[in-house]
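> fold the following and give me the result.
(chains A and B)
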Amino acid sequence: MSWLDALRHRLRPLVHPDAYDRELQEEFTLHRALDAAQQRDAADAEAAAHAARLRFGSPTVHREETRRMTILGWLDVLRQDARYGWRALVRAPAFTAVAVLSLALGIGANTVIFGLVYSLLLEPLPLPHPERLIALQRVDASSKSGSGFQLAEFEELRRASGAGDLTTFSSVLNVLLEVGEQRDYATVNVVEGRYFQTIGLRAQIGRLITPDDDRSAAPVVVISDSTWARFFNRSRSALGQTITLRGNTFTIVGVTPAPFQGLVFPGHFELAVPMGAGPLIGLAGFTGPRAQPLLIVGRLSNAAAITGAKAALDNVFRACCASGQLAGAAKAGGSTSRLNVIEISHGIPFGKVNLRAEYARILVVLMAGVAVVLLIACANVGNLVLARSAARSRELAVRLAMGASRGRIVRQLLTEGAQLAVLGGAMGFLLAAWGTRLLLQSLPGNLGAFSDIVAFHPKPALLAFNAAVSLACVLVFGLVPALRATRTDLISPLKDRGESRGGRRAGALDRALVVAQVSLALLLVSSAGLLAATLRNLRNIDGGFATTHVLLASVDTRGTSYERAGIVPLYPELLERVRRMNGVRAAAASSTSPVFGGRWSTDLIDVPGYAAASGEDMAVPLNAVSAGYFEAAGIRLLSGRDFTASDGPRDQKVVVISETMARAFWPARDPVGATIRIGTDSAMELRVIGVAKDAKYLDQRAPAEKMMYVPLVQSGDWPFVVITARTAGEPQLLAAQLTREVRAFVPELRVRQLLAMEQAIDQSLERERLAAGLAALFGVLALSLAAVGLYGVVSYGVTRRTAEIGIRMALGARATSVVWFVLRNSFAMVMLGVAIGAPLTFLGGRAIAALLYGVGAHDPLLLAGAALLLTVTAGLASAIPAMRAARIDPLKALRAD
Amino acid sequence: MRPAKPKDDLLPGTLDMLVLRTLTLGPLHGYAIAQHIERTSADILTVEQGSLYPALERVQRKGWATSKWGTSPTGRRARYYTITRSGRARLGEEVSEFHRLYAAISRVLKHA
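Residues are numbered from 1 along each chain as shown, chains lettered A, B, ... in the order given. Prediction:
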């Protein structure tokens, strides 16, 4: 393979640079020695050696000549270029600073957004061969949702399946965790002995849970990196220490690595204990009617085996478990279910809401926006490079005239561009790390809860993205000016003294770049305006409930000794205490609250006298509330009455229904006094005593759903309630006092979530806030970058036309007309930019139409506002050079020429 | 590669051809290659070291020759160059090209 020999030969100096030089030296020495020996007959040794040296010539020169041909020579030239470029950059610190900062902002913003895209959409689980991981799902014929497995089923599936390793785990919420003096409620993963081994996770320190732990029901616990950091400040001494889970002592045996956040996405992994120790954290077991439902996951021998595994596991499942007899669930009619196998390289999807898809829509738009910011930044740098290469055209012309090849000069200029890009890229990476942290801090909502997932780590994918973007920048802003610069004819830059610099055409290109910047900035600013208007509209939707002066708190008995009895016996006295608080005008309890959330239960109803259409959904959600709820929540009663103390547990069961429900089932008459039957066995009859105005509980954009309100005391056990307090002043001011009041009443009770309604709304709008906030940030970035670009071009223009301005002033032009002369130029560029940008904003608005609410894709008022903002910014950016122009001393200006 | 006198270049690439031709005799070190060319040309051609080693570098880069360290008959360590199969093929092309050119030049000299 001669080409292989050739390649090896070419690369060898790179691998052994010292050996290369040494060997060449040795070869030369041998050559001279042999030559001397040849001459020895003629004269004495010394003279022969001398003659040989003379004949050989300078070894240094020969070595350099030979070396120049190798890759080392190429590297030498590169090093030379780099050193030369570095000197050029250091000599022009202002140019370098502005260029690097522009690039850093553009690349940094791109890295931040790509970081979000990567961690929320693209990143696989941080486990070896994640594409081989699978999860099993039970698909019931009756209900659409999978309901988890029982231990007996898991064992049957594992025994009979040859497809791969299967293991199982379960998440137990709200387990009381005590570490020393600190108390909190944790989500505990209860894992089968081979769980960690199967998914391929290794401990960061210590060990993970083993089959022995599981068999012997050992009270051991594995903690996550964040739990380790939170309670033990990442001290190794945590190993062997004990923590308490639901009153029982567990020994810490290991810590999982930081990237692992559990198999469920989006998830938050805190602790894991062996399944054998399940009873110690209050589980009734994994088989039987009160079993803790299990998730089954597995690892295939290779990713392609999934189809086979699907069929094999489904067969096993049909034989053993489909009818549910193993589950001990005596289902009427033996409703069968089947097994689905899914690939989980990106995690087990959590719940019904596809968080990935929700974020994908917004992140795609943000990614596009941030790419536009980068384009503007590149235009800036391109402009700077152009201006500079115009200033250097004399130098370049001299070098070309002296015989430097065009390729050599292009290479030199590209090296300089690459240096700028490397500096900008590195700084952008640091900015991205800082910006991501800032972004997470400003988002206390859901995304904040996923902060472990989206936190900035220098992952290889991010570094690669950063490098690729930087490289693309070099090509965009480096190559074009480099090619232009070498195309200049040699004569004119040498002939004149350098002030006409490239003439009108170079000026046209830099003005065109500014116009492009302005039109792109207009696009970003107007899109940010649309998203901000959307956010405002969403905040101001009338959902049928009070949004101001409302404090919401969920008070929970789970994980306490009151868990069995639930909150119902406790809440009346708690409400009394809250009502007595200073500044509270009304207070009530409910099982769920609009926006804030709670427990959402849905019941099948039967309305006597109403014939349901076939396939009509007769399930209606239910909110169990205390007396006075409608007043406290600000939901108006349209007819009938509120619940009172006389609607006790043993009294006639009553219900208040929503407007939409009333219209649906009693279109012709007032439903007050009518009867509803709840549940399939028609045991419960409720009397309708009132109709309430519609309240939108979930999506404020969708029309209101049907809703039933029943008294808490008539609706069984509830583990927690949401307290709604109407306040006289700022609701947040009462938050701490409310917590104290709950603690004073029953110290064990837990206030799980405490928010003003406005905060809850903000949290529910967090994706919209993310989009609007980042779009606004990009708008500001775009404006500043365009302003810098405009400033540069205008001030360069003033410098270039000093003589012309001097003549005008000498001929009697006043300062104001000189200022206007300069401003007119920059406004002309802005107007052109706006004219080009306006159709762009229409396209942009159309592209983000799906994210908008209550505002059209093209809002003329917003567009006009954006254009005005740009004009004002442009005016400010050109004011400084304009002032400078007005201060030009005509005498000096003319004499200098 | 230059003729001893006057000191101007022969046709470019000719030295490579001569080096490759010399290597068809077997593996040789740099000095031996130079010696062989000088002797064979009856000292009309002098191979300057400043041209020889870049030429050796060049033929290796093209994959026409490889080199290996070995021991000379006098017991000294020396780098021996060996022609590769593609080097032989190349040599054939160059030689026939050279003859073509040589014939053309001769014709011009004869009839001009």
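
> now whichever residue of the stretch 201-350 of chain A sits closest to chain B: closest residue in space, sequence neighbours ignored.
Going by CB to the nearest CB, chain B is nearest to A:Asn302 of the stretch 201-350 of chain A, at 40.2 Å. Just so you know, the C-beta spots here come from the backbone N, C-alpha and C atoms, and that holds for glycine as well. The shortest distance from A:Asn302 to any residue other than its chain neighbours is 6.5 Å, reached at A:Arg132 (CB to CB, 6 or more residues apart in numbering or on different chains).

> repeat for A:Arg884
A:Val798 (6.0 Å).

> just confirm the one you found is within a helix.
Yes: membership of A:Val798 in a helix is supported by DSSP: H, G, I helix; E, B strand; the rest coil.

> A:Ala37 versus that one, what's the distance?
Distance of A:Val798 to A:Ala37, computed by CB to CB, to the nearest Å: 75 Å.

> quick check: residues of chain A near chain B?
Residues of chain A found near chain B (CB under 8 Å from any CB of the partner chain) are A:2-6, A:9-10, A:23-24, A:26-28, A:30-31, A:33-35, A:38, A:56-57, A:61-62, A:65-66, A:69-70.

> can you tell me the helix or strand for the residue of chain B found nearest chain A?
Nearest residue of chain B to chain A, counting by CB to the nearest CB: B:Gly63, 3.2 Å away. If you go by DSSP states H and E, B:Gly63 is not part of any helix or strand.

> which residues are in contact with the closest residue to it other than its chain neighbours?
Counting by CB to CB, 6+ apart, the nearest residue to B:Gly63 once its immediate chain neighbours are dropped is A:Ala6, at 3.2 Å. Neighbouring residues of A:Ala6 by CB atoms under 8 Å, 6 or more residues apart in numbering or on different chains: B:Gln60, B:Arg61, B:Lys62, B:Gly63.

> give me the pLDDT for A:Ala6.
At A:Ala6, the model reports a pLDDT of 80.

> how close does it get to A:Leu24?
Relative to A:Leu24, A:Ala6 is positioned 18 Å away (CB to CB).

> that older thread, who's more crowded, A:Val798 and A:Ala37?
Shown here are A:Val798 and A:Ala37; by other CB atoms under 10 Å in any protein chain shown, A:Val798 has more neighbours (24 against 15).

> so the more buried one sits right up against A:Met883, yeah?
No: at 9.8 Å, A:Val798 does not count as touching A:Met883 under the criterion of CB atoms under 8 Å.

> the residues of chain A next to chain B in helices, which ones?
Counting by DSSP state H, the part of the residues of chain A next to chain B found in helices is A:2-6, A:9-10, A:23-24, A:26-28, A:30-31, A:33-35, A:38, A:56, A:61-62, A:65-66.

> give me the buried subset of the residues you listed.
Neighbour-count burial (16 or more other CB atoms under 10 Å in any protein chain shown) applied to those gives A:2, A:5-6, A:9-10, A:23-24, A:27-28, A:30-31, A:34-35, A:56, A:62, A:65-66.

> give me phi/psi at the most centrally placed residue in chain A?
In chain A, the centroid-proximal residue (CA atoms, centre = their mean) is A:Leu116; its distance is 2.7 Å. Main-chain torsions, A:Leu116, degrees, to the nearest 10: phi -60, psi -50.

> is it true that it touches A:Phe456?
No: between A:Leu116 and A:Phe456 there is no contact under CB under 8 Å: 9.8 Å.

> which parts of the helix ranked longest in chain B are buried?
Scanning chain B for the longest helix, with DSSP H as the assignment, gives helix B:85-111. Using 16+ other CB under 10 Å as the test for burial, helix B:85-111 gives B:Ser86, B:Gly87, B:Arg90, B:Leu91, B:Glu94.

> tell me which helix or strand comes right after the least confident helix or strand in chain B by mean pLDDT.
The weakest-scoring helix or strand in chain B, judged by mean pLDDT, DSSP states H and E, is strand B:2-3 (a mean of 38). With elements assigned by DSSP H and E, the helix or strand that comes after strand B:2-3 is helix B:14-23.

> what is the helix or strand that that following helix is followed by packed up against?
The first helix or strand that comes after helix B:14-23 along the chain, using DSSP H and E, is strand B:28-29. In terms of contacts (3 or more CB pairs under 8 Å, 6 or more residues apart in numbering or on different chains; DSSP states H and E), strand B:28-29 is packed against strand B:77-83.

> relative orientation of the strand it packs on and helix B:14-23 in degrees?
Strand B:77-83 and helix B:14-23 are oriented at 100 degrees to each other (axes from the mean of the first three to the mean of the last three CA atoms, to 10 degrees).

> partners of strand B:77-83 in the sheet?
Strand pairing for strand B:77-83, using DSSP bridges, gives strand B:28-29 (antiparallel), strand B:65-71 (antiparallel).

> now, of those strands, which is deepest in the fold?
Among the strands paired with strand B:77-83, ranked by average contacts under mean count of other CB atoms under 10 Å in any protein chain shown, first place goes to strand B:28-29 (a mean of 22).

> any idea how far that strand is from the middle of the chain?
Distance, stretch centre to chain centre, for strand B:28-29: 12 Å (CA atoms, centre = their mean, to the nearest Å).

> tell me how far the next helix-or-strand element following that strand is from the chain's mean position?
Of the helices and strands lying after strand B:28-29 in sequence (DSSP H and E), the nearest is helix B:30-40. Mean-position distance between helix B:30-40 and its chain equals 9 Å (CA atoms, centre = their mean).

> contact partners of helix B:30-40?
A:27, A:30-31, A:34-35, A:38, B:1, B:18-19, B:22-23, B:25, B:28, B:45-47, B:49, B:52-53, B:56, B:78-79, B:81.

> neighbours of A:Leu832, how many?
For A:Leu832, the neighbour count with other CB under 10 Å is 17.

> next, it: phi, psi?
Backbone torsions for A:Leu832, taken as degrees, to the nearest 10, come to phi -60, psi -40.

> so A:Tyr185 belongs to a strand, correct?
Yes: under the criterion used here (three-state DSSP), A:Tyr185 sits inside a strand.

> contact partners for it?
By CB under 8 Å, 6+ apart, the residues touching A:Tyr185 are A:Asn174, A:Val175, A:Leu176, A:Leu177, A:Arg558, A:Gly559, A:Arg750, A:Arg752.

> that one and chain B, how far apart?
Note on A:Tyr185: its distance to chain B, by CB to the nearest CB, to the nearest Å, is 70 Å.

> just checking, what packs against the helix or strand harbouring A:Leu891?
Using DSSP H and E, A:Leu891 sits within helix A:890-896. Other helices and strands packing on helix A:890-896, by 3+ CB pairs under 8 Å, 6+ apart, are helix A:802-810.

> who touches the helix it packs on?
For helix A:802-810, contacts defined as CB under 8 Å, 6+ apart pick out A:499, A:798, A:817-818, A:821, A:885, A:888-894, A:896-897.

> again, only this time at 7 Å
A:Val818, A:Ala885, A:Ile888, A:Pro890, A:Ala893, A:Leu894, A:Asp897 (CB atoms under 7 Å, 6 or more residues apart in numbering or on different chains).
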